[in-house]
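Colleague: coords please:
(one chain, ligands or ions: 1)
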Amino acid sequence: MSDGRRVRVTGAASGIGAQDVACADGPVAFHHSQAWQALARHPALDWGRTLFAPNGERLSRTARIAALCRTLADEVETTLRQGQFPLVIGGDHSVAVGTWSGVARGIGQPLGLLWIDAHLDSHTPESSYSGAVHGMPLACLLGQGDRRLLGIGLPGAQVSAGHCVVLGARSYEPEEIDFLRRQQVRIIDGEEIARRGFAACLDEAVGIVASAPAGFGVSLDLDAIDPRFAPGVGSPEPDGLPATDVRTAWRWLAGLPGLRALEIVEYNPDRDRHGMTAQLIADLIGETVAG
Ligand SMILES: NC(=[NH2+])NCCC[C@H](N)C(=O)O
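Modeller: Next up, the predicted model:
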């Protein structure tokens with residue numbers, strides 16, 4: 001961020017969409033970590049609010065997630081309107097529905113989105129095997145899914161399918177591939193990255209998302225990174241990206257003029273080892289304000 005904007009961090013503390021609910025504790029655990037404390041005095045950074053889902057026993061899981069996503073969308077939109085740069089820390093990946101709906105409303109049209117993830121997160125309630133809502137947010141953002149999670153920012157899609165790329169996927173079900181292919185979303189999976197190299201794949205991905213007319217965002221699910229470097233995630237998958245590649249990519253992405261917001265999700269402090277994953281999040285935030 002070399003343009004003088006301050007980065008406002010918002011915690012989205014929900015694990016309701018995940019099978020392992022401990023990533024609900026991710027934002028608060030990170031906020032209290034030494035890794036964040038060492039960064040917290042940076043003049044371009046401030047921790048805004050940490051948002052929680054309502055806990056009514058009478059509300060369904062999806063209703064609670066939808067309530068959090070509406071609050072998060074409002075918070076992100078306000079951050080943009082105040083001339084600050086939103087950076088959301090999750091929470092399971094279902095919170096992405098709130099982050100990117102807020103950005104879409106703020107910019108008044110569907111945005112480009114780079115979705116860096118081991119999974120495709122493109123199920124609908126009908127196609128999901130697990131029923132877990134964190135396996136569905138990208139479909140919601142493209143306009144398909146439980147209606148309580150749709151239309152939170154703009155009517156219809158929040159993300160422009162033609163300017164959306166999934167990078168790093170290596171664990172998914174066939175229904176998700178079918179859905180994304182029908183939408184003409186570009187999927188660059190782990191095998192393609194191994195064949196072409198990360199830099200070439202990232203170049204192509206940025207070309208697609210950054211050509212969205214009103215800007216783009218980046219959603220990083222920490223499980224895209226190899227569990228050797230980021231063990232603190234709820235759904236670890238072997239053979240992920242090297243942390244250094246993601247860090248280098250982040251530095252570049254954070255300096256691009258069309259970037260509207262960033263998101264880092266699925267931090268699960270129960271599974272972290274020696275604070276490695278918290279440190280990685282802090283390193284990425286450090287890259288965001290370095291430029
Ligand atoms: N955000 C995540 N970690 N998503 C994992 C999803 C796993 C699986 N595809 C499912 O739908 O249950």
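
Colleague: Which pLDDT value goes with whichever residue of the stretch 51-200 of the chain sits closest to the ligand?
Modeller: Residue of the stretch 51-200 of the chain nearest the ligand, by C-beta to the nearest ligand atom: Gly135 (2.3 Å). C-betas here are computed from N, CA, C, even on glycine. The model reports Gly135 with a pLDDT of 98.

Colleague: how many neighbours does it have?
Modeller: Residues near Gly135, counting by other C-beta atoms under 10 Å, number 28.

Colleague: Tell me if I'm right that it and Ser128 touch.
Modeller: Yes. Between Gly135 and Ser128 there is a contact under C-beta atoms under 8 Å: 5.6 Å.

Colleague: Quick one: name the residues of the stretch 1-150 of the chain near the ligand.
Modeller: His93, His119, Asp121, His123, Ser128, Ser130, Ala132, His134, Gly135 (C-beta under 6 Å from any ligand atom).

Colleague: secondary structure class for the one residue sitting closest to the centre of the chain?
Modeller: Among the residues of the chain, Ser219 comes closest to the average C-alpha position under C-alpha atoms, centre = their mean, at 2.9 Å. Assigned with DSSP: H, G, I helix; E, B strand; the rest coil, Ser219 falls in the strand class.

Colleague: quick one: low-confidence parts of the protein?
Modeller: By pLDDT under 70, the weakly predicted segments of the chain are 2, 291.

Colleague: If the residue nearest to the centre of the chain is in a bridge, with which residues?
Modeller: When bridges are called by DSSP bridges, Ser219 pairs up with Trp115, Glu263.

Colleague: quick revisit: from the residues of the stretch 1-150 of the chain next to the ligand, list the buried ones, please.
Modeller: His93, His119, Asp121, His123, Ser128, Ala132, His134, Gly135 (16 or more other C-beta atoms under 10 Å).
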